[in-house]
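*Asks:* This is the structure alone, sequence omitted:
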């Protein structure tokens, strides 16, 4: 039986790679990662660390016992500075950090289809993240940073090798190929979780051969996609006489000051990104599920902070560390904040 399952996955992979499998809509464009479709939730392995194993069991039990409405009301009643909220954030961080795509699969499976009938993990995560950082009149950088660190399943220091532009779609996108210089969050890299090489779908060529060759020869690569039409948006504090009196909206195109693309080859970046399920590709009948990886874009950098002359550039000091911070110090400050989240109560 085990050999049959392995053969099935391999044959499915061959079909996808050759563009023969009916796994993607005819309109699908972009970068897709394929993983085995989960036939039970949570997906547990004996090799998992104990806290990760138990975290999945507890989270799944809660999702099956309560409706979305009950959970939303319960979460909104939790004090932001309470032990309960701190432990929720701790385990959300740890589960996402341990295996990002597995975590996305866990929270993203349909709540209506068997055997996954339960409250939606994506809704619950949204309830928690929105609760800790309302767009209230008194902007709180500390809460915003906490939300960003928990929401991102990948935080990498990267060097961009190349980009590809996909124009034959309603919203043109750009795919970034990079090598990882430092892993800040996301213990398992994408290539450790998918069953075949990711594919790039364009209108005329279902498989980008040069891209696949690059991915085949680099184990520490990171590939992700973003839309050129995105704007760099954020709610920032409005200060008058040294006091925060309200908020102002930061809203600029995803371009640099000279109008060039935000991501360019041969430049380093700190990237905050997350995996998310995608309905354009992958079906239960194929035995494979698909996801995409995109930056978390609701900030002044679009989730991609450039490093210029050794400094991380955070326009408007959106993360609270400064507008120009030496990259080593920036990563140290990030890790100090992360340690506070994932080690709470220890």
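*Replies:* Thanks, I have the structure now. Only a predicted model underlies this, so the values are computations on that prediction, with no experimental measurement involved. Numbers count the residues shown, from 1 in each chain.

*Asks:* tell me the helices in the stretch 151-300 of the chain, going along the chain?
*Replies:* All helices of the stretch 151-300 of the chain, identified by DSSP state H, counting those that start in this stretch, fall at 209-216.

*Asks:* pLDDT below threshold where in it?
*Replies:* Applying pLDDT under 70 to the stretch 151-300 of the chain picks out residues 203-217, 283-285.

*Asks:* my read: residue 67 touches residue 119, true?
*Replies:* Yes: using CB atoms under 8 Å, residue 67 is in contact with residue 119, at 6.1 Å. Placement of C-beta: from N, CA and C, glycine included.

*Asks:* Who has more neighbours out of those two?
*Replies:* With neighbours defined as other CB atoms under 10 Å, residue 67 and residue 119 compare such that residue 119 has more, 19 against 13.

*Asks:* Show the backbone phi and psi for that one.
*Replies:* Dihedral angles of residue 119 (phi, psi; degrees, to the nearest 10) stand at phi -60, psi 150.

*Asks:* got a list of what the residue lying closest to it once chain neighbours are set aside touches?
*Replies:* Closest residue to residue 119 apart from its sequence neighbours, by CB to CB, 6 or more residues apart in numbering: residue 63 at 4.4 Å. Contact partners of residue 63, counting by CB atoms under 8 Å, 6 or more residues apart in numbering, are 111, 118-121, 124.

*Asks:* mind redoing it with 7 Å?
*Replies:* Counting by CB atoms under 7 Å, 6 or more residues apart in numbering, residue 63 touches 118-119, 121, 124.

*Asks:* Tell me where the stretch 201-346 of the chain has strands.
*Replies:* Taking DSSP state E, counting those that start in this stretch as the criterion, the stretch 201-346 of the chain carries its strands at 221-227, 231-240, 243-253, 268-277, 288-295, 304-308, 311-313, 324-326.

*Asks:* ok, the spatially closest residue to residue 305 that is not a sequence neighbour - how many residues close by?
*Replies:* Among residues not flanking residue 305 along the chain, residue 270 sits closest, at 4.4 Å (CB to CB, 6+ apart). Neighbourhood size, residue 270 [other CB under 10 Å]: 25.

*Asks:* likewise residue 223?
*Replies:* Number of residues near residue 223 (other CB under 10 Å) recorded here: 21.

*Asks:* likewise residue 326?
*Replies:* Neighbours of residue 326 using other CB under 10 Å come to 14.

*Asks:* What's the end-to-end length of stretch 158-172?
*Replies:* With CA to CA, to the nearest Å as the measure, the first residue of stretch 158-172 is 23 Å from its last.

*Asks:* My error: substitute stretch 280-300 in the last question.
*Replies:* Note: stretch 280-300 ends 29 Å apart using CA to CA.

*Asks:* Please identify the buried residues of it?
*Replies:* For stretch 280-300, the neighbour count (16 or more other CB atoms under 10 Å) marks 280-282, 286-300 as buried.

*Asks:* Name the residues of stretch 65-78 that are buried.
*Replies:* Using 16+ other CB under 10 Å as the test for burial, stretch 65-78 gives 66, 68, 71-72, 75, 78.

*Asks:* picking that back up, may I see the buried residues of the strand or helix carrying the residue nearest to residue 119?
*Replies:* Following DSSP states H and E, one finds residue 63 within helix 50-65. Neighbour-count burial for helix 50-65 flags 52, 55-56, 59-60, 63 (criterion: 16+ other CB under 10 Å).

*Asks:* next one: stretch 155-171
*Replies:* Of all the residues in stretch 155-171, those buried under the rule 16+ other CB under 10 Å are 155-158, 160-161, 164, 166.

*Asks:* Just give me the neighbour total for residue 194.
*Replies:* 19.

*Asks:* Just to check, it is in contact with residue 32?
*Replies:* No: counting by CB atoms under 7 Å, residue 194 sits too far from residue 32 to count as a contact (9.4 Å).

*Asks:* Need the residue closest to the centroid of the chain.
*Replies:* In the chain, the centroid-proximal residue (CA atoms, centre = their mean) is residue 274; its distance is 0.3 Å.

*Asks:* Quick one: residues contacting that residue.
*Replies:* 151-154, 294, 296.

*Asks:* So what's the residue count around residue 98?
*Replies:* By the criterion of other CB under 10 Å, residue 98 has 19 neighbours.

*Asks:* Give me the spatial nearest neighbour of it, chain neighbours excluded.
*Replies:* Spatial nearest neighbour of residue 98, excluding adjacent residues (CB to CB, 6+ apart): residue 52 at 5.0 Å.

*Asks:* Please give me every residue in contact with the one you found.
*Replies:* 94-95, 98.

*Asks:* Please report how far it lies from residue 89.
*Replies:* Using CB to CB, to the nearest Å, residue 52 is found at 16 Å from residue 89.

*Asks:* cool, residue 342 as well?
*Replies:* 9 Å.

*Asks:* again with residue 34
*Replies:* Residue 34 is 30 Å from residue 89, by CB to CB.

*Asks:* Thanks a lot, catch you later.
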